[in-house]
Each structure stands twice: as C-alpha cells, then as structure tokens.
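Asker: Here is the input, now give the coordinates:
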Amino acid sequence: MDQEIAIPKPFPENNPAGTQQSLNSVGQLLSDSWRFYKERFGAITKLLIFPLIIMGVSWGTMQYGASVNVFAIDLLSFIGDFAMVIGVIAVVSTIARGTGFIESYRNGFRFSFELLWIGLLSGLAILGGYFMLIIPGIMMMVWFSFILFTVVVENKWGLNALTQSREWTRGYWWPIAWRMIMIWILTTVIPLAIFILNSLFLGSTDNAILSIISDCLFLFRDLFIVFFASPFHIVYLYKLYENLVVLKPSLSGEQSKSGRGFFKISIVLGILAPIALFITFMLFGVSVMEHAVMPSPDLSTASTTTDTTASNDNDAQRISDLHKIQTMLELYYAKCGNYPGGAIKNGVCPAYSDAHGYDGMVNAIIDSNLGVNVAPNDPRNNPNDPMSSLVRGGHYFYSTDGDGSYYILAALLDDKNNPIFSEYSAPSSSYLTSMEGTSVWLGDCTAPAYCVAPKNRSIDSSQLRYISPPSIY
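Answerer: Prediction:
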C-alpha cells in the first residue's frame, strides 16, 4: 500500500536536482554527516534515552529478578528490543524528515511492524542470494542499504520498499559498496579495539581495579555504539541517499516493479534452503555416527568370517552345555541311584521310567527341587523356525538304558573338524539307528556328533532307547 504524504524531499539547497554528476567522496560524505550529526545531536540523544531506559529496566529485571520466570524474561527482552527498534525509527524520522520528539515517536510506532516485516523479507532474500553461489547475496546487501528511507521517507511497503531501494543503487553499486565499507570500518574500529583489549589484557582477571576498568570500557563501548556509531551510521546513509536523490530526480515518487520476481525467488530459497541444509546435515551426521560406531566391513570376507565365528562360538557353547548337564544328571543320580526318569516328589524318588528324550529329562530334574531351575539348550534352538529341530538338531539329545543306570547325552556340532574330536572317545560304537518321526541323525557318536556318558559305566548300546526329538524348549 502506497499513500501519498507530505514529505520534505531531500534535495540539498546548494545542489539542485540533476546538476550533480557523481556521488560525493567518502571525505565529503563524512564531513556532511558530522556537521549534520552535531546539529541534530540533542534531538537524537533525547529520542534514544527513552528506549535505553526501557532496555535498562528489562536488563536489570532479568539480571536481578530472582523470582522472574522464563516467560517474563522473554517478554521483557522483547519489550526492550522493540523499544530500541521504535527509537531507531524515530531517529530516522528526525534525521530524514526533521520531525520533533512526539512526531518522531509517532512515526516510530507507525513504521515499526512494517520495518520488522521488511527486515525479515530482506534477510531471507539475502540468505537466499548466498545460497545462489554467494554473489547475489552480496549484491543484495548493497541494494537494500536504503530500505529505512524508502519506508520512512517514501512510504513504500513490502517488496516495493526492496525494489525501490535497489533502484536507487542501480548504476552506482560499486561506488555505494565502497562507501558502505568505509563507514562500517570507521564505526566498528573502536568497539572492536575495546573487545580485543579486554580479551587480551583484562578478561578473566581477579584484580578488582582491572575488573572495574574492563566494566568501564564495556560501558563506554555500549554508549559509543548507541549515541554515536549507530546514529552517525544512519546520518551517513541518509546523506548518501540524499546524494542519490540529487543524481536521480526522476526516480522520486515513482515505483519500479523491476526485480520483484527475483526477490520472491530469493525469499523462498532463503526459507527452504536452510531447512534442506538442516535435514542434510542431520542425515549426514547420522551416517557419520553409524560409520564411526560400526565401520563398513570388507564384503569379500565378511560373510565367511561371521559364519565361521558364529559356528565356533556355538560349538564351544554346546560342549560346555553338555558338561553342565552332566552335573545336573549326577545330582539326580546321587539322590535316586539312577538317571531320570521321572521327577522326585516330596523327596521320594519315583520308580524308573523313560524320560522320553531331552525335554523329559530336563523337566524331571527341574521338578525334583534339586536347585536346578533352568537347563541349557542348543544355540540354534529357534521357536520361530520349525526346521531348527530337524536340520541341525536345534536341541540336545538324551537317552537311557532300561533301568536308568546309564545315559548318552549328545549334540550335533557345526564343525566336524572341531579339535574336540581329536581328543575324545565316543561312548558307544553302535549308536542310534533311528529317531522317532525323523531320519535326521543316522550314525554313531562320531563327528559331527559329540556325545558324553557316565564315567566308569558301560552298557550295550542295543539297550539304549530311541532318542526322541523334544518339543522346542
């Protein structure tokens, strides 16, 4: 929305519109700005004191208000910052339009939200420009140098303020960029020097005098920025803007539509690109962490190595399990004089009966209150795989003779060349010619079958009962 209002045009009386052919030099701009700043110093100071008081109250409350909650702190911080925005706009109004205290603050309130909105648009556009290989972002930083004046002086809104600021710089980008760099250097050298001095010589000191000096330097820096650097920078920009109005009299009061499409694209890119970049970094970070925690294996050997290692571990567990189960069997034998069999009830051993395989033996021992609550099973025993009990055992095997005085306990190892076979004697030479319901294990206790039996006892293997495959335990 563009409304026509009575605005004093910034044409220097000693330089009528259209008579000047080039921008004033940096020296001339600094001289004119300094003279103008001295003339308006009192008005500028009065305009800045009010927001400084509000910021001071907000800061003091945040620092020393122990009972202030987080929401109140955020609200006070926003009020302080917003008051300073209004104060800066009021300064622009008194510099560019010559308004008094009340009128300047009226303009400050009037233009505050619009300038915040335009500041957001210009920031997103510049960010989008940087994502377009940096150079467009740098160019837009110069193009948008005069949006304060296109809003406050010319009453332009939204994208119109951005395009109008660009039109003022058209044909003078390099001269304006050079003059902008110079004022930035001149207004930041003192604050930067104070920061470096404090960091190198006064920071983190326990000396009370040096601490006071450090605090005084920081106070001076803040006052210098508020009462000189910032307003002088605005005056300098205004004098540069005033100079451009003299050079381009036909642009005053006009509105260019040039560049609006480009700025819209830049703004959208400024919104989407950081989101995309954040997502990319998150995905990249997760990928890096995964590779850091678990490096990529050598695919040519990973499968073989993993399978071999798992087989070796499983076989070692099977051998260990059989000897643990032997201990359980000996506990039962010491109590009842035979191997299970049925469970011991109330301390009374039952008459011997067939345990019907490994499952029956385990249940008998657990139910006999011998201190055994759980028994091991083959590592390949997988309740979700119906083939586990048939393909490679999936459980251990148990069989007794006719009166429970002898047993054979067996497991099928993965590796028939396991070193255990070089140092053990099979307990029976003719063992197991059938399994109820299957034809899986036909043979004797030779590799890959590993068998254990009671020591110092022997039996005719023909008396061994069939070893039935148990239900999955």
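Asker: could I get stretch 96-105 in CSV with only the CA atoms?
Answerer: Extracted in CSV, the C-alpha atoms of stretch 96-105 (Å, rounded to 0.1, in the frame of the first residue of the first chain):
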residue,chain,number,x,y,z
ALA,A,96,15.2,12.4,7.2
ARG,A,97,12.0,14.3,7.8
GLY,A,98,13.0,16.9,10.5
THR,A,99,10.2,15.8,12.8
GLY,A,100,10.1,16.7,16.5
PHE,A,101,10.1,14.3,19.5
ILE,A,102,6.3,13.5,19.5
GLU,A,103,6.0,13.2,15.7
SER,A,104,9.2,11.1,15.5
TYR,A,105,7.9,8.6,18.0
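Asker: quick one: average confidence on it?
Answerer: The average pLDDT within stretch 96-105 is 92.
Asker: Contacts for it next, please.
Answerer: 7-8, 10, 43, 46-47, 50, 86, 90-91, 93-94, 107, 149, 152-153, 238, 241 (Cβ atoms under 8 Å, 6 or more residues apart in numbering). No exception for glycine: its C-beta is placed from N, CA and C like everyone else's.
Asker: ok, of these, which come out buried?
Answerer: Buried residues within those, counting neighbours by 16 or more other Cβ atoms under 10 Å: 10, 43, 47, 50, 86, 90-91, 93-94, 107, 149, 152-153, 238, 241.
Asker: between those, which is nearest Asp315?
Answerer: Nearest to Asp315 among the buried ones among the contacts of stretch 96-105 is Ile86, at 81.0 Å by Cβ to Cβ.
Asker: so that closest one touches Arg106, yeah?
Answerer: No. Contact criterion Cβ atoms under 8 Å: Ile86 and Arg106 do not qualify, at 10.2 Å.
Asker: The most centrally placed residue in the chain and Ile275, how far apart?
Answerer: Nearest to the mean C-alpha position of the chain, by Cα atoms, centre = their mean, lies Met282 at 5.7 Å. Between Met282 and Ile275 the computed distance is 11 Å (Cβ to Cβ, to the nearest Å).
Asker: residue ranges for the helices of this structure, please.
Answerer: 26-64, 70-97, 101-131, 135-143, 147-152, 159-169, 173-197, 208-224, 230-247, 260-293, 302-336, 357-366, 388-391 (DSSP state H).
Asker: Please identify the deepest-packed of those.
Answerer: helix 147-152 (a mean of 25; mean count of other Cβ atoms under 10 Å).
Asker: C-alpha coordinates for it, CSV please?
Answerer: Extracted in CSV, the C-alpha atoms of helix 147-152 (Å, rounded to 0.1, in the frame of the first residue of the first chain):
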residue,chain,number,x,y,z
ILE,A,147,15.1,0.4,2.9
LEU,A,148,14.9,2.6,6.0
PHE,A,149,14.4,5.7,3.9
THR,A,150,12.2,4.0,1.2
VAL,A,151,9.8,3.2,4.1
VAL,A,152,10.1,6.3,6.4
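Asker: which strands and helices sit next to that helix?
Answerer: Judged by 3 or more Cβ pairs under 8 Å, 6 or more residues apart in numbering; DSSP states H and E, helix 147-152 is in contact with helix 70-97, helix 101-131, helix 159-169, helix 230-247.
Asker: pLDDT (mean, whole number) over it?
Answerer: For helix 147-152, the mean per-residue pLDDT is 92.
Asker: what does it rub up against?
Answerer: Residues from elsewhere that reach helix 147-152 (Cβ under 8 Å, 6+ apart): 89, 92-93, 96-97, 107, 111, 114-115, 118-119, 122, 156-157, 160-162, 164-165, 168, 234, 237-238, 241.
Asker: which non-adjacent residue is nearest Val151?
Answerer: Distances taken as Cβ to Cβ, 6 or more residues apart in numbering place Ala161 nearest to Val151, at 5.1 Å, with adjacent residues excluded.
Asker: nope, Pro379 is what I meant
Answerer: Using Cβ to Cβ, 6+ apart, the closest residue to Pro379 is Asn314 (4.3 Å).
Asker: Contact partners for that neighbour?
Answerer: Asn314 sits in contact with Pro379, Arg380, Asp414, where contact means Cβ under 8 Å, 6+ apart.
Asker: of all those, which comes closest to Phe201?
Answerer: Nearest member of these to Phe201, counting by Cβ to Cβ, is Pro379, at 69.2 Å.
Asker: Could you tell me which strand of this protein is the longest one?
Answerer: If you go by DSSP state E, the chain has its longest strand at strand 407-412.
Asker: how much space is there between Ile271 and Gly261?
Answerer: 16 Å.
Asker: Surely Ile190 touches Leu217?
Answerer: No. Counting by Cβ under 8 Å, Ile190 stays clear of Leu217, with 10.5 Å between them.
Asker: Check the contact lists of the two and give me the overlap.
Answerer: With Cβ under 8 Å, 6+ apart, Ile190 and Leu217 have no common neighbours.
Asker: and the gap between Phe281 and Leu127?
Answerer: 16 Å.
Asker: cool, and Thr187?
Answerer: 24 Å.
Asker: Pop the domain breakdown of this structure in here.
Answerer: Per the record, the chain has its domains at 26-279, 314-463, by automatic domain parsing.
Asker: Comparing those, which yields the minimum mean pLDDT?
Answerer: Looking at the domains of the chain, the weakest mean confidence is domain 314-463, a mean of 71.
Asker: how far out from the middle of the chain is that one?
Answerer: The offset between the C-alpha centroid of domain 314-463 and the centroid of the whole chain comes to 54 Å, using Cα atoms, centre = their mean, to the nearest Å.
Asker: going forward, begin numbering at 533 instead of 1
Answerer: Sure, I'll start counting at 533 from here, so that last one is domain 846-995.
Asker: Give me the angle between the longest strand of the chain and helix 834-868.
Answerer: Relative orientation of strand 939-944 versus helix 834-868 (axes from the mean of the first three to the mean of the last three Cα atoms, to 10 degrees): 170 degrees.
Asker: Give the partner strands of strand 939-944 in its sheet and their orientations.
Answerer: strand 929-932 (antiparallel), strand 981-984 (antiparallel) (DSSP bridges).
Asker: just so I know, which of those lies nearest Met673?
Answerer: strand 981-984 (79.3 Å).
Asker: With just CA atoms, put the closest one into PDB.
Answerer: C-alpha atoms of strand 981-984 as PDB (Å, rounded to 0.1, in the frame of the first residue of the first chain):
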ATOM      1  CA  ALA A 981      28.000 -85.800  16.800                       C
ATOM      2  CA  TYR A 982      29.600 -85.100  20.100                       C
ATOM      3  CA  CYS A 983      28.500 -87.500  22.900                       C
ATOM      4  CA  VAL A 984      29.100 -87.700  26.600                       C
END
